[in-house]
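Chemist: Need a 3D model of the sequence below.
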Amino acid sequence: MSSAIAAAGKPSGSASAIVGTSARGYHTLKIDGYWCTKVTPTGEFLQSSQFSVGGRCWRINYYPNGMDSQTAGYISIYLKLDEIATEDVKAMFTIGFAKVPEKRLPWPWACTPVSVFGGEQMRGYRKFIKREDLEKSEYLKDDSFTIRCEIVVVQDICTKEARAPKFVTVPPPQLNQHLGDLLKTGKGADVVFEVGGESIAAHRCVLASRSSVFNVELFGAMKEGNTASVIRIDDMEAQVFKALLYFAYTDSLLETEKEDEEAMYPHLLVAADMYDMERLKLICEEKLCEHIKIDSVPTILALAEKYHCNGLKKACFDFLSCPARRRAVVSTDGFKHLYKSFPSLVMELISMPSPP
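Modeler: Below you'll find the predicted structure:
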């Protein structure tokens with residue numbers, strides 16, 4: 001028998017794996033004005049805004065006086081699938097109080113196994129916490145407390161064949177690095193720009209492929225016959241133009257000092273608009289959304305209006321939806337300049353309804 005097995009040679013083998021995929025997310029619900037919510041009758045609830053996890057819509061139902069007569073002395077908390085599902089949705093969730101960092105209190109959690117949600121069904125805790133226990137705890141602070149709900153939605157479970165061992169490792173793409181080096185060295189450059197007293201060499205084909213404006217300027221009917229001509233740019237700083245070219249070559253932003261970013265992005269956005277580089281313009285919009293503050297929002301809002309940056313405008317309006325912030329902004333010099341330049345925009349802002 002042993003000689004027969006030896007003669008058969010090395011046995012063949014295979015492997016497989018059962019793979020489960022999921023999506024994870026969380027939602028925090030702040031109860032601000034707890035004593036006011038206590039007037040809500042037993043069995044009635046207050047809802048969070050709708051939020052999405054795992055491609056599904058959810059809400060948190062908060063019952064300040066319990067969901068029925070047996071839980072009238074408790075707070076009840078439920079997670080609700082806020083959509084009509086055509087198939088069962090499997091999810092695991094945890095609900096608890098948000099941490100109080102300065103005290104480092106333990107974080108009580110109410111945990112569940114995997115639950116099945118049908119259309120608009122809810123799962124949760126009839127006796128989440130006694131009201132008197134909450135009112136004595138340090139989770140209730142300045143008449144408010146915060147609940148955090150974490151959800152893991154089971155998306156798919158399938159069997160996959162295990163991958164064979166890899167004998168060859170392919171490195172990541174390096175085109176952007178190579179083109180960046182080409183810009184840095186100027187090797188083979190066939191056009192020179194004069195910007196802010198500096199000469200910057202570049203490559204016509206690269207720029208024309210990245211910008212319709214460069215394409216017309218460098219290869220269109222208005223192109224000068226001399227391929228070594230110098231193109232002068234008077235309305236842009238050299239550092240901004242270098243950042244524009246760097247993005248054209250590498251599809252990424254030129255690294256700058258953290259303190260210089262806020263000043264760079266508005267100018268780079270204008271340059272991107274000028275040269276019809278839409279992706280760069282959107283990246284600048286996204287970056288500027290992170291720099292919206294009381295003193296900067298008038299300037300950013302004016303920029304958004306002038307260059308049709310709808311997402312950035314919405315971010316400014318969202319920031320100013322707080323009445324206290326609006327009052328603070330109105331008293332700034334930037335707001336006065338905004339009113340002079342865009343009076344209709346200011347009227348739109350003034351007429352914006354306050355949150356309930």
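Chemist: Could you tell me the end-to-end distance of stretch 276-295?
Modeler: Stretch 276-295 has an end-to-end distance of 29 Å (Cα to Cα, to the nearest Å).
Chemist: for this structure, what spans make up the helices?
Modeler: Per DSSP state H, the chain has helices spanning 2-8, 34-37, 131-136, 175-185, 204-210, 212-219, 238-250, 258-274, 278-289, 297-306, 310-319, 323-330, 333-341, 343-350. These are given in chain order.
Chemist: mind putting those helices in CSV, distance to residue 61, mean pLDDT and mean neighbour count included?
Modeler: To be clear about C-beta, it is placed using only N, CA and C from the backbone, and glycine gets the same treatment. As requested, the helices of the chain are arranged in CSV below (distance: least, Cβ to Cβ, whole Å; pLDDT from 0 to 100; neighbours: other Cβ atoms under 10 Å):
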stretch, distance to residue 61, mean pLDDT, mean neighbour count
helix 2-8, 65, 55, 7
helix 34-37, 13, 92, 14
helix 131-136, 17, 92, 13
helix 175-185, 49, 93, 14
helix 204-210, 51, 95, 17
helix 212-219, 52, 93, 17
helix 238-250, 47, 96, 20
helix 258-274, 41, 90, 18
helix 278-289, 32, 95, 19
helix 297-306, 35, 94, 22
helix 310-319, 26, 92, 17
helix 323-330, 28, 87, 14
helix 333-341, 41, 91, 15
helix 343-350, 34, 87, 14
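Chemist: Switch the ones you listed over to a markdown table, and while doing so, append distance to residue 51 to every line.
Modeler: Formatted as a markdown table, the helices of the chain follow (distance: least, Cβ to Cβ, whole Å):
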| stretch | distance to residue 51 |
| --- | --- |
| helix 2-8 | 60 |
| helix 34-37 | 20 |
| helix 131-136 | 23 |
| helix 175-185 | 36 |
| helix 204-210 | 38 |
| helix 212-219 | 40 |
| helix 238-250 | 34 |
| helix 258-274 | 29 |
| helix 278-289 | 20 |
| helix 297-306 | 26 |
| helix 310-319 | 16 |
| helix 323-330 | 23 |
| helix 333-341 | 33 |
| helix 343-350 | 27 |
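Chemist: Now do the contacts for the closest residue in space to residue 241 that isn't next to it in sequence.
Modeler: Beyond its immediate neighbours in the sequence, the residue positioned closest to residue 241 (Cβ to Cβ, 6 or more residues apart in numbering) is residue 195, lying 4.5 Å away. Residue 195 makes contact with 232, 233, 236, 237, 238, 241, according to Cβ atoms under 8 Å, 6 or more residues apart in numbering.
Chemist: Taking the residues you listed together, which two end up most distant?
Modeler: Of all pairs drawn from the contacts of residue 195, the one with the longest distance (Cβ to Cβ) is 232 and 237, at 13.9 Å.
Chemist: higher neighbour count, these two?
Modeler: Under the neighbour definition other Cβ atoms under 10 Å, residue 232 and residue 237 were set side by side, and residue 237 has more, 15 against 9.
Chemist: thinking residue 123 is in contact with residue 93, fair?
Modeler: Yes: Residue 123 sits in contact with residue 93 when judged by Cβ atoms under 8 Å, with a separation of 7.4 Å.
Chemist: So for the two, which sits in the more crowded spot?
Modeler: Neighbour tally, residue 123 and residue 93, criterion other Cβ under 10 Å: the higher count belongs to residue 93, 22 against 15.
Chemist: which ones are touching the residue most central in space within the chain?
Modeler: For the chain, the residue sitting closest to the mean C-alpha position, by Cα atoms, centre = their mean, is residue 286 at 8.7 Å. Listed by Cβ under 8 Å, 6+ apart, the contact partners of residue 286 are residue 311.
Chemist: burial measure for the residue nearest to residue 116 when sequence neighbours are not counted, as a count.
Modeler: With sequence-adjacent residues excluded and distances taken as Cβ to Cβ, 6+ apart, residue 116 is closest to residue 88, at 4.9 Å. Close neighbours of residue 88, defined as other Cβ under 10 Å, add up to 13.
Chemist: Tell me how far residue 88 lies from residue 202.
Modeler: With the distance defined as Cβ to Cβ, to the nearest Å, residue 88 ends up 58 Å from residue 202.
Chemist: what sits against residue 133?
Modeler: Remark: with contacts taken as Cβ under 8 Å, 6+ apart, residue 133 is in contact with nothing.
Chemist: Kindly report the same for residue 50.
Modeler: The contact partners of residue 50, by Cβ under 8 Å, 6+ apart, come to 57, 58, 59, 82.
Chemist: run the last query once more with 6 Å
Modeler: For residue 50, the contact set (Cβ atoms under 6 Å, 6 or more residues apart in numbering) comprises 57, 59, 82.
Chemist: Check the gap between it and residue 242 for me.
Modeler: The gap separating residue 50 from residue 242 is 45 Å, by Cβ to Cβ.
Chemist: Pull the number of nearby residues for residue 39.
Modeler: 8.
Chemist: my read: residue 154 touches residue 90, true?
Modeler: Yes: taking Cβ atoms under 6 Å as the contact criterion, residue 154 and residue 90 are neighbours in contact, 4.1 Å apart.
Chemist: quick one on the thing from earlier: so the residue nearest to residue 116 sits against residue 121, correct?
Modeler: No: Residue 88 lies out of contact with residue 121 (Cβ under 6 Å); the separation is 9.3 Å.
Chemist: from what I can see residue 22 touches residue 151, true?
Modeler: No: proximity of residue 22 to residue 151 does not meet the contact threshold set by Cβ under 6 Å, at 9.7 Å.
Chemist: Neighbour count: these two, which is higher?
Modeler: Set side by side, residue 22 and residue 151 show more neighbours around residue 151, with 21 against 15, by other Cβ under 10 Å.
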